[in-house]
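In: structure, please.
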Amino acid sequence: MQITWFGHSAFRLDFGGNAVLIDPFFTGNPAFVSDKAASACHGHE
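Out: Residues are numbered from 1 along each chain as shown. Predicted structure coming up:
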């Protein structure tokens, strides 16, 4: 796995030919126009 830090709390995780981008800046972010709970993926509920 390779982890790339883009600053503050934004990361890219590369593993198995896939990439996941993480940027948890939801509250107060004018570019985030969705529901935070609906956007979260909970694979172990």
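In: OK, contacts around L21?
Out: Residues in contact with L21 (Cβ atoms under 8 Å, 6 or more residues apart in numbering) are 10-12. Heads up, the C-betas are built off the backbone N, CA and C, glycines and all.
In: show me where this structure has strands.
Out: 2-7, 10-15, 18-22 (DSSP state E).
In: can you give me the mean pLDDT across the shortest one?
Out: In other words, strand 18-22. Per-residue pLDDT over strand 18-22 has a mean of 88.
In: now do it: distance to the chain's middle.
Out: Offset of strand 18-22 from its chain centre (Cα atoms, centre = their mean, to the nearest Å): 7 Å.
In: run through the protein and note the low-pLDDT ranges.
Out: 36-45 (pLDDT under 70).
In: residue contacts, S34?
Out: Neighbours of S34 in contact, by Cβ under 8 Å, 6+ apart: none.
In: picking up where we left off before, among the strands of the chain, which is the most enclosed?
Out: Comparing the strands of the chain by mean neighbour count (mean count of other Cβ atoms under 10 Å), strand 10-15 comes out on top with a mean of 13.
In: what sits against H8?
Out: If you count contacts by Cβ under 8 Å, 6+ apart, H8 has them with F25.
In: look up how far F26 lies from it.
Out: From H8 across to F26, the span is 13 Å (Cβ to Cβ, to the nearest Å).
In: now R12
Out: R12 is 18 Å from F26, by Cβ to Cβ.
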